[in-house]
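**Q** Provide a 3D model corresponding to the input given below.
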Amino acid sequence: MSAVSDETIVSTHSMLSRAKPKPPSDVPDQEPLVRERGAHVGEKAQASYRDETIDIGGQDEKVVLNTLGEGPSAPGAADEVAEDVQAGIEDVPPGMKGWINLFGVIGINAICYGMTNSFGTFQEYYVSHFHLNPTAASWIGSIQLCLMPLLGCFAGPLFDSGYLRYLTVSGGFLYTFSLLMTSISKQYYQFLLAHGIGAGLGMGIIFSPSVSTLAHHFGKSKYRSLAYGLQASGSSLGGILFPILARSLLPKIGFGWTLRVFAFIVLAIIVQSFFTLSTTVPPRRKVAILSPTVFRTTGYALHVLGCCMCSLCVYCPLTFAVTYGVSHGISPSLGNIALTVINACAIIGRVLPLILAQRVGAINVVCASGLVAAIMLFSWTKATTVPGIIIYDAMYGIGSGGYAAGVNPAAASFAPHTNQTGLYLGMFFFTTSFFWLSGTPATAALINARGYLAASMFCGSTLLLGICFILLGRKQRVKALGTPWV
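**A** Below is the predicted model:
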């Protein structure tokens, strides 16, 4: 661990002094710097004119804490700190480059979580046409959900090091190739390797870096929450597109060519994302791939723990939307429409709450939306007719959409500096990934053994417990920032 020299501290302190003059008296200025709500600030927003050096979590760098905020003391980082300070609470517009970048991120989310949101279509098709056990088929989708965030612990820090283009190309190629291999698969192990592991790895390589670019362009913008909401809506757009295409193409051109059409769509979006995704913060020279010490921040640790519990169940109604409808006498075609309704209404849940989050905070949005989703999970088996199932799916789409849209910006808000966003999001994705893996197979086993009522009670209780932990993390965040709007 390299030490910070006295000259570095003096130089950094001098820069910060120019950004905000010292008070004329010898009494330290006790007024804290109030930065934009939800921006990347440390747990303590208090000021003093003494300089401290602390370890930021397993990284070969040090951080200089001072009156005006936090920032790495690595070469060149002092300028970044000064820029953050000069910005203060002012709005920093993202510019045309930022909005173009957002377009690319929406596309990546559409082919990543949009595809996993559509897995209910494949779940029913694997069971009815390839005669797979429902639990076995659910492992394909759960592996995708696991690998996508799991790869974040590697892809996120590599993004921080400046490898955005390489990650986009390599992940996009693997994803496209895996879908093409799925199109010629005939046996379960082939579906598991191609559609589950291969596609999941490709998604994981491209997803985390794309989301991390938003902090570069919108980190100090008043449109930050809106950008995250629009990004999250990409998964709903994909969740609408892919089931509609599957419902139309599967009876006409078959499973193989339907997967090839999906592969060509993925390839097209990867190409446009290569040219639209960009960064604004210089790469970090030394990056921690895995840094468990980020969990020393109590609020962040509680938030991640709560999201782990929620990950067990929040996607289950999407995975089993079609099979649930079929079990109540609805045709698979109508079941696909129900899945489309969930994703369509999730757009409302993803965009509007995060517009509101600009005032009330992303963590508050996560808690409120999660409670709505938990109530709907407890009511799952009450929907037994076509209108009832459609209404239920619409309500659940709104609640789960708000939760899904809020967790990423909420987790990113704990990062003390913009160029650590990839690390904090990466650790968040890595930790929750194991719970994504086990959630849908456990629910499928419950459905097979006890029916949908047992699955409803399990999912509702688990989601409610997760929201309780997130509320505890919120309490720590409120205490640290001195405002309830977190």
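**Q** For the rest of this, base every contact and every neighbour count on C-alpha atoms.
**A** Fine.
**Q** Could you pick out the longest helix of the protein?
**A** Longest helix in the chain by number of residues (criterion: DSSP state H): helix 224-276.
**Q** Quick check: chain neighbours aside, which residue is closest to L226?
**A** What sits nearest to L226 in space, not counting adjacent residues and going by Cα to Cα, 6 or more residues apart in numbering, is I355, at 5.1 Å.
**Q** Kindly report the same for C310.
**A** Nearest non-adjacent residue to C310, counting by Cα to Cα, 6+ apart: L463, 4.7 Å away.
**Q** tell me which element the one you found falls in.
**A** Secondary structure here is read from DSSP states H and E; on that basis L463 sits in helix 452-481.
**Q** Only the buried residues of that helix, if you could.
**A** When burial is assessed from 16 or more other Cα atoms under 10 Å, helix 452-481 yields the following buried residues: 452-474, 476-478, 481.
**Q** tell me what that helix is packed against?
**A** Applying 3 or more Cα pairs under 8 Å, 6 or more residues apart in numbering; DSSP states H and E, one finds that helix 452-481 contacts helix 298-311, helix 362-378, helix 421-450.
**Q** What residues sit buried inside stretch 394-406?
**A** By neighbour count, and taking 16+ other Cα under 10 Å as the criterion, the buried residues in stretch 394-406 are 394-406.
**Q** from those, which single one is nearest L164?
**A** A405 (22.6 Å; Cα to Cα).
**Q** In this structure that closest one contacts L354, no?
**A** Yes - in this structure A405 lies within contact range of L354 using Cα atoms under 8 Å: 7.2 Å.
**Q** quick one: the residue nearest the centre of the chain from T319, how far?
**A** Note on the chain: the residue nearest the mean C-alpha position is N408, at 4.1 Å, using Cα atoms, centre = their mean. Using Cα to Cα, to the nearest Å, one gets 21 Å for the distance from N408 to T319.
**Q** Quick check, M181 in contact with L193.
**A** No - here M181 does not reach L193: they are 9.1 Å apart, not a contact under Cα under 8 Å.
**Q** Neighbours of K186, how many?
**A** 11 (other Cα atoms under 10 Å).
**Q** Can you name the residues that contact P332?
**A** By Cα atoms under 8 Å, 6 or more residues apart in numbering, the contact list for P332 reads 124, 322-323, 325-326.
**Q** Can you give me the separation between it and A155?
**A** P332 sits 37 Å away from A155, taking Cα to Cα as the criterion.
**Q** re earlier: helix 362-378 and the longest helix of the chain, what's the angle between them?
**A** For helix 224-276 against helix 362-378, the angle by axes from the mean of the first three to the mean of the last three Cα atoms, to 10 degrees is 90 degrees.
**Q** Centre of the chain to helix 224-276, how far?
**A** Relative to the centre of its chain, helix 224-276 is centred 18 Å away, using Cα atoms, centre = their mean, to the nearest Å.
**Q** Likewise for stretch 115-124?
**A** A distance of 19 Å separates the C-alpha centroid of stretch 115-124 from that of its chain, computed with Cα atoms, centre = their mean.
**Q** Can you give me the distance of the closest residue to G439 other than its chain neighbours to S413?
**A** Leaving aside its chain neighbours, G439 sits nearest to L312 (4.0 Å; criterion: Cα to Cα, 6+ apart). Counting by Cα to Cα, the gap from L312 to S413 is 23 Å.
**Q** re the thing from before, make a ChimeraX selection of whichever of the contacts of P332 turn out to be buried.
**A** A single ChimeraX command selects the buried members of the contacts of P332 (16+ other Cα under 10 Å):
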select :124,322,323,325,326
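**Q** Dump the contacts of P332 into a markdown table; add secondary structure as well.
**A** Supplementary listing: the contacts of P332 in a markdown table, determined by DSSP: H, G, I helix; E, B strand; the rest coil:
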| residue | secondary structure |
| --- | --- |
| E124 | helix |
| V322 | helix |
| T323 | helix |
| G325 | helix |
| V326 | helix |
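**Q** Skipping adjacent residues, who's closest to S183 in space?
**A** Going by Cα to Cα, 6+ apart, S183 has G256 as its nearest residue, at 4.1 Å.
**Q** distance of that neighbour from F191?
**A** To F191, G256 is 12 Å away according to Cα to Cα.
**Q** Overlap of the contact sets of the two?
**A** Common neighbours of G256 and F191 (criterion: Cα under 8 Å, 6+ apart): T182.
**Q** Comparing the two, which residue is more hemmed in?
**A** A direct count of neighbours by other Cα under 10 Å for G256 and F191 places F191 higher, at 22 against 17.
**Q** which SSE is that one in?
**A** Element membership of F191 [criterion: DSSP H and E] is helix 188-191.
**Q** tell me how far that helix is from the chain's mean position?
**A** A distance of 28 Å separates the C-alpha centroid of helix 188-191 from that of its chain, computed with Cα atoms, centre = their mean.
**Q** downstream neighbour of that helix in the secondary structure list?
**A** helix 199-218.
**Q** so which of the helices and strands packed on helix 452-481 gets nearest Y113?
**A** Minimum separation from Y113 across these (Cα to Cα) falls at helix 421-450, 12.5 Å.
**Q** Can you spell out which helices and strands pack onto that closest one?
**A** For helix 421-450, the helices and strands in contact under the criterion 3+ Cα pairs under 8 Å, 6+ apart are helix 134-150, helix 152-160, helix 199-218, helix 298-311, helix 316-319, helix 386-412, helix 452-481.
**Q** helices and strands around the third one, which ones?
**A** If I follow you right, that is helix 199-218. For helix 199-218, the elements it packs on are helix 95-117, helix 134-150, helix 152-160, helix 164-183, helix 224-276, helix 421-450, judged by 3+ Cα pairs under 8 Å, 6+ apart.
**Q** That one to helix 152-160, inter-axis angle?
**A** Computed by the same axes, to 10 degrees, the angle separating helix 199-218 from helix 152-160 equals 40 degrees.
**Q** what is the mean pLDDT for helix 199-218?
**A** With pLDDT averaged residue by residue, helix 199-218 scores 90.
**Q** Which residues in that helix does the neighbour count mark as buried?
**A** For helix 199-218, the buried set under the neighbour-count rule, 16+ other Cα under 10 Å, comprises 199-218.
**Q** residues in contact with S369?
**A** 398-403.
**Q** Would you format these as a markdown table with distance to S379 included?
**A** Conversion of these to a markdown table gives the following (distance: Cα to Cα, whole Å):
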| residue | distance to S379 |
| --- | --- |
| I398 | 15 |
| G399 | 13 |
| S400 | 14 |
| G401 | 17 |
| G402 | 18 |
| Y403 | 18 |
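**Q** pLDDT and distance to L102 added to those residues, as JSON lines?
**A** Listed next are the contacts of S369 as JSON lines, based on pLDDT from 0 to 100; distance: Cα to Cα, whole Å:
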{"residue": "I398", "pLDDT": "91", "distance to L102": "22"}
{"residue": "G399", "pLDDT": "92", "distance to L102": "24"}
{"residue": "S400", "pLDDT": "91", "distance to L102": "22"}
{"residue": "G401", "pLDDT": "87", "distance to L102": "19"}
{"residue": "G402", "pLDDT": "87", "distance to L102": "19"}
{"residue": "Y403", "pLDDT": "91", "distance to L102": "20"}
